[in-house]
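Student: sequence and computational prediction follow.
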Amino acid sequence: MVTLETPRLILRRWREEDIAPLAAIHADPEVMRWIRDGSVRDEQQTRSGVQAWESEWEAEGFGLFAVEIRSTGELAGFTGLSVPHFLPEVLPAVEVGWRLGRAHWGRGLATEAAAAAVRFGFEERGLERIVSIAQVGNDASERIMTKLGMRPVRETVNPTCGRRVRVHAVSSSEYARGLSRAPEA
């Protein structure tokens with residue numbers, strides 16, 4: 001099983017005991033504000049999501065990691081790679097994404113986690129390009145994308161919810177030149 005470590009985080013596969021804390025993150029309307037139509041998710045929806053993410057690991061050789069705080073063992077949320085099936089116009093593509101509980105915002109943890117996932121995608125999985133997709137107005141996520149060396153490449157509408165989204169991307173050659181190597185701490 002793949003486990004990644006950064007100075008402050010452990011990125012690992014999912015465990016049963018992660019469901020309740022992740023469901024609490026998904027129940028926060030402020031966390032979910034920029035996710036699809038902004039609806040919160042309950043524990044069963046969270047469990048189904050984790051099962052789908054684990055299936056993607058098996059099918060693709062990459063997926064979404066549980067993000068654990070090294071010093072406390074607390075689940076902070078997730079980051080990792082997935083195929084953005086919800087936005088067919090960008091396929092084929094692999095997206096880096098993240099979602100952290102509000103208690104973990106504003107400390108650079110999402111950037112640290114996402115940078116590790118991007119590095120894994122390019123260096124361990126040999127991806128040619130990684131995208132990230134944010135709803136227009138989600139400035140915090142777009143700042144992370146910029147720190148990852150990504151640049152905006154298109155604006156469109158998410159067909160699952162009708163909200164405008166901006167797609168950012170970075171290529172393996174840009175990554176290799178060091179344009180996307182965000183600081184880990």
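Tutor: Arrived safely, thanks for sending.
Student: distance between the ends of stretch 124-135?
Tutor: One end of stretch 124-135 to the other measures 29 Å (CA to CA, to the nearest Å).
Student: can you list the buried residues in that stretch?
Tutor: Of all the residues in stretch 124-135, those buried under the rule 16 or more other CB atoms under 10 Å are 127, 129, 130, 131, 132, 133, 134, 135. Just so you know, the C-beta spots here come from the backbone N, C-alpha and C atoms, and that holds for glycine as well.
Student: out of those, name the ones that lie in strands.
Tutor: Taking DSSP state E, the ones among the buried residues of stretch 124-135 that sit in strands are 129, 130, 131, 132, 133, 134, 135.
Student: mind listing the strands in this structure by residue range?
Tutor: For the chain, applying DSSP E gives strands covering 4-5, 9-12, 64-69, 75-82, 95-100, 129-135, 151-157, 164-171.
Student: redo those strands as a markdown table? Include distance to residue 45.
Tutor: Converted to a markdown table, these look like this (distance: least, CB to CB, whole Å):
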| stretch | distance to residue 45 |
| --- | --- |
| strand 4-5 | 26 |
| strand 9-12 | 22 |
| strand 64-69 | 15 |
| strand 75-82 | 14 |
| strand 95-100 | 14 |
| strand 129-135 | 19 |
| strand 151-157 | 23 |
| strand 164-171 | 21 |
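Student: determine which two of the buried residues of stretch 124-135 are furthest apart.
Tutor: 127 and 135 (23.7 Å; CB to CB).
Student: that older thread, quick one: which of the buried residues of stretch 124-135 is nearest residue 173?
Tutor: Of all the buried residues of stretch 124-135, residue 129 has the smallest distance to residue 173: 9.4 Å, by CB to CB.
Student: quick check: bridge partners of the closest one?
Tutor: In this entry, residue 129 is beta-bridged to residue 171, by DSSP bridges.
Student: what of residue 80?
Tutor: Per DSSP bridges, the residues bridged to residue 80 are residue 64, residue 97.
Student: how many neighbours does it have?
Tutor: For residue 80, the neighbour count with other CB atoms under 10 Å is 28.
Student: returning to what we had before: looking at the strands of the chain, spot the one closest to residue 56.
Tutor: strand 75-82 (5.9 Å).
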